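Asker: Quick one, what's the 3D model for this:
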Amino acid sequence: MFSLPNQAKLDVLKCLNFNQLTSFKQTNIYFYNLINENEEELCFRMKFNKLSINDNLQKFDSYEFLEPDPEVVGYILPAFFKKRYQNIINRLVPVFLYYYQNVSSSPSKFFVYIERTSEYNLLDNEPRYYIIKLPIFPKNVEKMVIVGYWLEQLSDCVFEYASFDGVVFNPELINLLFDNDKLLFHIQKPKISSNEASFGNVWKFVSNHLTISEYLSINLNDINVQRLHGILVSGGNKLPKIRVKNVKTGRLYNSIIKHISTAKDCSKMLANITLYYSSPTKFELNEIAEEVEITEQLNGVKYTKYQLENIHNPNVRFSFCNEEGKDGKIVCVKIRKMEA
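Answerer: Numbers count the residues shown, from 1 in each chain. Model prediction:
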């Protein structure tokens, strides 16, 4: 195959699936570089259904552990990187940040689960799940290289869903491994769960290392309302949509109302926000609401649609739709920016 022209080699490589192409990258440094340099042409950014991380090994009906060839360490680790990697190890920078109650108190490793899409499962005999085992604290340079290798492979994929339920990759480690050359994970609909103490690091991971094409789902838990409010009113250039779940009071809703109606600049506010209430609550329709329209379904669910206008710029308008249950309590609020 070495004697073939580059284009002929690429034509052959296009016939390989994700697992085969990943294995082929490990054969030698030549093919490692060739594949990396032609990712788009090879469609190496293969799509998967879901990415998730767990400290417990879940055994599925169809799965396979992914292991890099030991020789890959020698291919991708220039001598001048060894000192940097050893410094990361000496500083005890963890691969993962974990903070939620479903994670055991002191795990030594995590399992990264890659679920394939259903159409691929039907087309070949490959397993439904790929599993990667990674340590929290790699003990030597070779293991740290393997961590970096798998992070890079994951960044070459697209996932429809991702669940970061109490665990995320450590953004500090990513920056140290890749020398602040921003590594991005491509996820259409990621979901994160956090608490107030850890939300800063979690948001650093989300805002710096995720590209989100559809929406971000946040489980509110004990996150400070003002912190989340800051994201909603300034994150419009980073997120297309956001879904906030487990909302328990009207404070977030009221802060959004105030910002839309009184802020001098709403240009950075998210254009599509949905609030889901885990503790349905009652609150009065704001007196500045316009174009109010109320409809009630046969099942007793009521929808109140209305619009709000900014006092400084009447061209800035947002539409609202409040969904109320039979008891008159709000269960969901949808907020959308209207075209001028």
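Asker: what's across from the residue positioned nearest the centre of the chain in the sheet?
Answerer: What sits nearest the mean C-alpha location of the chain, by CA atoms, centre = their mean, is residue 190, with 3.9 Å. Per DSSP bridges, residues listed as beta-bridge partners of residue 190: residue 162.
Asker: That one and residue 243, how far apart?
Answerer: Per CB to CB, to the nearest Å, residue 190 is found 11 Å from residue 243. C-betas here are computed from N, CA, C, even on glycine.
Asker: Kindly report the same for residue 67.
Answerer: For residue 67, the distance to residue 243 - CB to CB - is 36 Å.
Asker: neighbour-wise, which of those two wins?
Answerer: Between residue 67 and residue 243, residue 243 has the larger neighbour count (other CB atoms under 10 Å), namely 18 against 11.
Asker: so how far is residue 114 from the more buried one?
Answerer: According to CB to CB, residue 243 stands 23 Å off from residue 114.
Asker: ok, now residue 287?
Answerer: 51 Å.
Asker: Compare the two (neighbour count), which wins?
Answerer: residue 114 (24 against 5).
Asker: Neighbouring strands of the strand or helix carrying that one in the sheet, and parallel or not?
Answerer: When elements are assigned from DSSP states H and E, residue 114 belongs to strand 109-115. Strand pairing for strand 109-115, determined by DSSP bridges: strand 47-54 (antiparallel), strand 129-135 (antiparallel).
Asker: With residue 239 as the reference, name the closest of those.
Answerer: Residue 239 lies closest, by CB to CB, to one member of these: strand 47-54, at 18.1 Å.
Asker: List the contacts of that closest one.
Answerer: 96, 110-118, 154, 157-165, 167-168, 185, 187 (CB atoms under 8 Å, 6 or more residues apart in numbering).
Asker: which of these count as buried?
Answerer: Neighbour counting by 16 or more other CB atoms under 10 Å classes 96, 110-117, 154, 157, 159-165, 167-168, 185, 187 among the contacts of strand 47-54 as buried.
Asker: returning to what we had before: for residue 334, which of the strands paired with strand 109-115 is the nearest?
Answerer: Minimum separation from residue 334 across these (CB to CB) falls at strand 47-54, 25.3 Å.
Asker: From the contact counts, what lies against the very next helix or strand once past the closest one?
Answerer: Per DSSP H and E, the first helix or strand lying C-terminal to strand 47-54 is strand 63-65. Strand 63-65 sits against strand 129-135, with contacts defined as 3 or more CB pairs under 8 Å, 6 or more residues apart in numbering; DSSP states H and E.
Asker: Please list all residues in contact with the nearest residue to residue 63 once chain neighbours are set aside.
Answerer: Ranked by CB to CB, 6 or more residues apart in numbering and with sequence neighbours excluded, the top spatial neighbour of residue 63 is residue 129, at 4.0 Å. Contacts for residue 129 (CB under 8 Å, 6+ apart) come out as 60, 62, 63, 64, 113, 114, 115, 116.
Asker: Phi, psi for the last one please.
Answerer: As for residue 116, its main-chain torsions (degrees, to the nearest 10) stand at phi -80, psi 160.
Asker: That one reaches residue 130, doesn't it?
Answerer: Yes: the criterion here is CB atoms under 8 Å, and residue 116 meets it with residue 130 at 7.5 Å.
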